Structure formats: structure tokens, C-alpha cells
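**Q** sharing a model that was predicted from the sequence below.
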Amino acid sequence: MTYSFSLTVNGATRAVEIEDPRVTLLDLLRERLALTGTKKGCDRGQCGACTVLVDGRRVNACLILAVTLDGAEIETIEGVADGNRPHPVQEAFIAHDGFQCGFCTPGQIMSAIGLLREGETGEDRERIREGMSGNLCRCAAYAGITEAVAAAQRALAAGDRRRA
Amino acid sequence: MNLFEYIRPASLDEAVAAGSEPGAAYLAAGTNLLDLMKTGAARPARLVDVTRLPGLDRIELLADGGARIGAMVRNAELARDRGFARSYPAVAEALLSGASPQIRNAATLGGNLMQRTRCAYFFDPASNCGRRDPGAGCDARAGLNHAHAILGWSDACLATHPSDLCVALVALDASLEIVGPAGRRVIPLEELHRLPGDAPSRETALEAGELIVALRLPPEAAAVRAHSRYLKLRERTSFAFALVSAAAGLEIADGRIRRARLALGGVAAKPWRARAAEEALEGALAGPLAFAEAAALALADARPSGDNAYKIELARRLVLRALERAAAGTPERIPALPASVLADTGATAHA
């Protein structure tokens, strides 16, 4: 049986046909839509490397069947920059050394964008750490990540409202 | 993962018809079910997607002081609902202490109630597990069982129920609206999860095809809102399942406890309501003597199922702490680290 559906990925409508309903959103993005910025770490919802936004909410792409997403709006790391200008969260990760090897970084950044939209942490470091607890970093760049999220929060509060 | 048929019914009637077929499983967010399908521990022949059924996504605060919550309300959405969190702060704290922000954004109330144990032997199809395969025995008995049950277990199964949410809800006398082939019925949440006995694979009271459509909280559940806490001990500071947890709610007047609600998590195959402890608390002065007696009563029947005798003392102390914190008053705002015992001690919580 063929499953046909459409979803919006970074603003573009994509019609999808799959024969196998086992395809997760993560595999759809990486293997069928050639969007490999979203990473596969554990594939079990434990590491957060596959974090994307679905209808504005950060979720683990590895734990969602693509076929359930008919009509959904997906945002991935490929869609956050404004042309050549990085997203404020991307700029903050660079400015505050929010990564080392970089493998978890797309998930960290998507999670941070989701966290800022939720708007519950402010610059409270303890709340930021808890709010980022779904994203593991094997290099342990956590101190830089926390500062990057706080800086992005500050930039947004100061009026940098680009696509936050 | 096994191949399955995916169905998205348009109505509740269609869903129940499709969900009543042999091999069918209801799919909500799938954060637990997909994980189990990836290991091969769950192999449904058909997934019936219930996330878009009409009318299951509402949070209703009722005129009589109770609440009715649709089964497809997301965990994060319920925890963030200000009216709900004000009336049932321990439920909100339990929700926010569970899993990660990403999983809470996806996971649903109904899915949370129906989640399976985190016992590693249950998850691993290469292990013997009578909960997964009737009659297969239990590899946890002679295996790694330091986190397993201390109440209500049997030789057939030592697994615990992993939900935080259910612990707070059971303490508050929540009930469930269930729809199935035989119509609609209401049962207490406390009766949903079953102790293993000699049939651990019979995990819940649901019959084939039955679907949880809503949860109800009675008006009395809000009576303890000024003195409510959920506390949880885990092996790392955040994003971990409970070793032990406790939901405590007190109604206190003139220093005396008028109403007490207490339940434990991580200790049994179901959220464990501590009724004897509640009875000892009601009428007593809110203080260390009553709390110590209640904590002892809550664990009176506990016994180790393996390398986990420490959990009995851990749970006793956590109950004591939960009662103390509840008596001190519900915090104005849920702490930065929800349910952590470190959250309001001044210690560096993320040490």
C-alpha cells in the first residue's frame, strides 16, 4: 500500500509518497528529502540530536512516524538562517563556544529555538539547563551551550526578533 | 521494526472498530510505542492513529470544581495550562519532571497512562520476560534489578510502572473515561494498572479495543492545592525515570491535617496509593511525628525483589520529605528543577 501525504518543510510544501509506514520523520528528512542537517544519534529519543520543530514545537524526529504528519509544518536547521545571515541562536553558539565536534549542534540549536519560543526560562541558567536537558553533548560543551542560550535570549529581548 | 498497517480513523466509532481487530494497537504520539517497536519488544500488526480524533484535545475546568482532560492533550500543554496548574500543582510538577522537553511536547495524557515498564529485560526481545511473552519467566530475577519493585511484585515479574504523571493523578482520585466495543465506562485510574500476580502480561484493566478518551479529577482534588508537592529521586539530575517518587497533598486547618493524599512511584507495577498513611495523617497535627509515622506506614509492606533493599529506605525518606515540603506550602512557581529534592535547598542543583 502507498501512503501519500504532504507536509511543509522550512516553508516549502513537499508531497511525499511512501510504501513503508515505518519511515520516521528523521529518516524522511535525511534519506528522502536530502536534509541531512538533522542528525541521527541514538534513534531512541534519548539524545536530542534529531530535534526539529513540528507545528512550532520542538520534538524528537526519530520518535515520530512520517505518515502521521500529513499537513504538518516542519522546521529544521537548514531553514533557520536568513539567507547568509545566521539565526541569532546560531550566532550565539559561535560567540559562546556552544560546541566542539558539532554533531549534536543542529539538535541543540533547534531545541534552543524551541525553548526561546516557549518563553519560560528568561536568562535563569538553572531553567535553561533544565530546558536543554533533552539534548546530550558527548563533548560536554554544556557551559558554552547554556551561555549561548542566555545570550540569544538577551539578544531577542533587546529586539533581535528575526524568525525567533 | 515489524511491518504494520497504518490507519487514521475519522471518528471514535471507526477507531474502536479498527482497534478491536487482533494485533491492533492505538497510536498516540508513539514516544514509547515506537521505541518498543524499534527493539522488537512490541510488534503490532496495525497502528490506529488516534491523535486526530475530534474532541479529545480539550482541558476543561468544570463548574463543580473538578476537571476533565481529553486523552490527546499533550503533556507540556497540560503542565503549562495556568488554571490547571493552579488547581493541581503536584500534577503539573510531576508532568514537568518527566522525560525531556521534546518528549513532553509530543507525549499525550492517554499515552502516558498506557506507557510500558522500563525494565531492560522487557525491552530486549532476547531476554525472557513474562510481561512481554506470557509464560516466558523473568530474567530480571537473577539479573540487574537494583531499580525494580519493592511493593506488589511477584515471582513472575518485578517491573515498575514508570509514569510520574500517574502517581500524582492516583493520589488525587483521578478516574478514566473509556470507550470500547461495549460502549462507554468510567473506572478509577487506580484500577487501570494491574499488579503482576501470576499473569504479568495482563498489564491493564482495558479490554480488547478499549480506548481511554478522557481523564477526570473530582472537585476534592483541588482541596489540597495549597500544600502539594511531587518529589522524585533519579540517577541523574534530569531526564531520567524515577527510582522512587512521591506525590503528597495536604489540606491543613489550624495546624491540623484535614485531608491527606499520598502516592508513590517507581516502587510497583502500578502507581502506589498509600491509604494507611493517609488515614494516619488525617486528623493529626501537621508535623514531624505524623509525617514519620505516615512514611513508615507507606513502606510497611515493602520487601526487596533483588538488589534493591535500599529503595525501601530511600522511599521512606522521600515520602517524609514530600510531606514536609507539602506542609511548607506549594511553591509560587514550579522550581527550576521540577520534583528535585535539591531544588529549594540552596544547593547547586545541577552539580
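**A** Right, received. Where do you want to start?

**Q** show me what from chain A comes close to chain B.
**A** A:1, A:3, A:20-22, A:24, A:43-45, A:48, A:51, A:57-60, A:63-65, A:67-68, A:111, A:114-115, A:118, A:120, A:124, A:126-127, A:129-131, A:133-135 (CB under 8 Å from any CB of the partner chain). (Each C-beta comes from the backbone N, C-alpha and C, glycine too.)

**Q** tell me which of those fall in helices.
**A** A:111, A:114-115, A:118, A:126-127, A:129-131 (DSSP state H).

**Q** thinking again about what came up before, just the buried ones from the residues of chain A next to chain B, in ChimeraX syntax?
**A** Here is the ChimeraX command that selects the buried residues among the residues of chain A next to chain B (16 or more other CB atoms under 10 Å in any protein chain shown):
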select /A:3,21,22,24,43,45,48,51,57,58,59,60,63,64,65,67,68,111,114,115,118,120,126,127,129,130,131,133,134,135
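
**Q** narrow the residues of chain A next to chain B to those in strands?
**A** Filtering these for membership in strands, criterion DSSP state E, returns A:3, A:51, A:57-60.

**Q** quick one, what contacts residue 30?
**A** Chain wasn't specified; assuming chain A. Listed by CB atoms under 8 Å, 6 or more residues apart in numbering or on different chains, the contact set of A:R30 reads A:36, A:38, A:40.

**Q** chain B, not that one
**A** Per CB under 8 Å, 6+ apart, neighbours of B:G30: A:63-65, A:68, B:106, B:111.

**Q** can you name the two of those that are farthest apart?
**A** By the measure CB to CB, A:L65 and B:G111 form the most distant pair in those, at 13.7 Å.

**Q** point me to the residue of chain A nearest chain B.
**A** With distances taken as CB to the nearest CB, chain A approaches chain B most closely at A:G134, which sits 2.7 Å away.

**Q** spatially central residue for chain A, please.
**A** Residue closest to the mean C-alpha point of chain A, counted by CA atoms, centre = their mean, is A:M110 at 2.5 Å.

**Q** so B:K270 is in contact with B:H161, correct?
**A** Yes. Between B:K270 and B:H161 there is a contact under CB atoms under 8 Å: 5.4 Å.

**Q** any shared contact partners between these two?
**A** Taking CB under 8 Å, 6+ apart as the contact rule, B:K270 and B:H161 both touch B:H193.

**Q** between these two, who's got more neighbours?
**A** Neighbour count, other CB atoms under 10 Å in any protein chain shown: between B:K270 and B:H161, B:K270 has more, with 27 against 24.

**Q** how close does the more buried one sit to B:E93?
**A** Computed with CB to CB, to the nearest Å, the distance linking B:K270 and B:E93 is 20 Å.

**Q** tell me how chain A divides into domains.
**A** A:3-79, A:88-157 (automatic domain parsing).

**Q** residue furthest from the geometric center of chain B?
**A** B:D254 (32.2 Å).

**Q** for that one, give me phi and psi.
**A** phi 50, psi 40 (degrees, to the nearest 10).

**Q** which strands and helices sit next to the top helix by length along chain A?
**A** Ranked by number of residues, the top helix in chain A under DSSP H is helix A:142-157. With contacts taken as 3 or more CB pairs under 8 Å, 6 or more residues apart in numbering or on different chains; DSSP states H and E, helix A:142-157 sits against helix A:88-95, helix A:105-118, helix A:125-131.

**Q** in a markdown table, list those helices along with mean pLDDT.
**A** Output for the helices and strands packed on helix A:142-157, formatted as a markdown table (pLDDT from 0 to 100):
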| stretch | mean pLDDT |
| --- | --- |
| helix A:88-95 | 98 |
| helix A:105-118 | 98 |
| helix A:125-131 | 97 |
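
**Q** got a pLDDT number for the residue of the stretch 251-351 of chain B found nearest chain A?
**A** Residue of the stretch 251-351 of chain B nearest chain A, by CB to the nearest CB: B:A336 (3.8 Å). At B:A336, the model reports a pLDDT of 95.

**Q** buried sites along stretch A:98-108?
**A** Residues of stretch A:98-108 classed as buried under the neighbour-count rule (16+ other CB under 10 Å) are A:98-99, A:103-108.

**Q** out of the contacts of A:R30, who's the most crowded?
**A** Going by other CB under 10 Å, A:T38 tops these with 24 neighbours.

**Q** quick one: that one from A:E31, how far?
**A** Distance, A:T38 to A:E31, by CB to CB: 11 Å.

**Q** B:C119 too?
**A** 32 Å.

**Q** quick one: which of those two has more around it?
**A** Between B:C119 and A:E31, B:C119 has the larger neighbour count (other CB under 10 Å), namely 27 against 13.

**Q** which SS class is B:L264?
**A** Secondary structure state of B:L264, per DSSP: H, G, I helix; E, B strand; the rest coil, is strand.

**Q** what is the burial count for it?
**A** If you count neighbours by other CB under 10 Å, B:L264 ends up with 30.

**Q** now do the contacts for it.
**A** B:151, B:167, B:244-247, B:271-272, B:274, B:298, B:315, B:319.

**Q** and which of those is nearest A:A81?
**A** B:S245 (42.0 Å).

**Q** flag the shaky bits of chain B, pLDDT-wise.
**A** Scanning chain B for pLDDT under 70 picks out B:343-351.

**Q** point me to the residue of it nearest chain A.
**A** Counting by CB to the nearest CB, chain B gets nearest chain A through B:S100, at 2.7 Å.

**Q** okay, the spatially closest residue to that residue that is not a sequence neighbour: pLDDT?
**A** Nearest non-adjacent residue to B:S100, counting by CB to CB, 6 or more residues apart in numbering or on different chains: A:G134, 2.7 Å away. We have a pLDDT of 98 for A:G134.

**Q** spit out the contact partners of A:G134.
**A** Neighbour list for A:G134: A:48, A:51, A:60, A:111, B:99-103, B:239 [criterion: CB under 8 Å, 6+ apart].

**Q** and with 10 Å instead?
**A** By CB atoms under 10 Å, 6 or more residues apart in numbering or on different chains, A:G134 lies in contact with A:45-48, A:51, A:58-60, A:107-108, A:111, A:114-115, B:99-105, B:238-239.

**Q** same question for B:L144.
**A** Residues in contact with B:L144, defined by CB under 10 Å, 6+ apart, are B:119-121, B:306-307.

**Q** what secondary structure does it sit in?
**A** Per three-state DSSP, B:L144 ends up coil.

**Q** dump the longest helix of chain A to CSV, keeping only the CA atoms.
**A** Extracted in CSV, the C-alpha atoms of helix A:142-157 (Å, rounded to 0.1, in the frame of the first residue of the first chain):
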residue,chain,number,x,y,z
TYR,A,142,27.2,22.4,28.2
ALA,A,143,28.7,25.5,29.8
GLY,A,144,29.0,27.2,26.4
ILE,A,145,25.6,26.0,25.4
THR,A,146,24.0,27.5,28.5
GLU,A,147,25.7,30.8,27.9
ALA,A,148,24.7,30.8,24.2
VAL,A,149,21.1,30.2,25.0
ALA,A,150,21.2,33.0,27.6
ALA,A,151,22.8,35.3,25.1
ALA,A,152,20.3,34.5,22.5
GLN,A,153,17.5,35.2,25.0
ARG,A,154,19.2,38.6,25.7
ALA,A,155,19.5,39.4,22.0
LEU,A,156,15.9,38.6,21.4
ALA,A,157,14.7,40.6,24.4
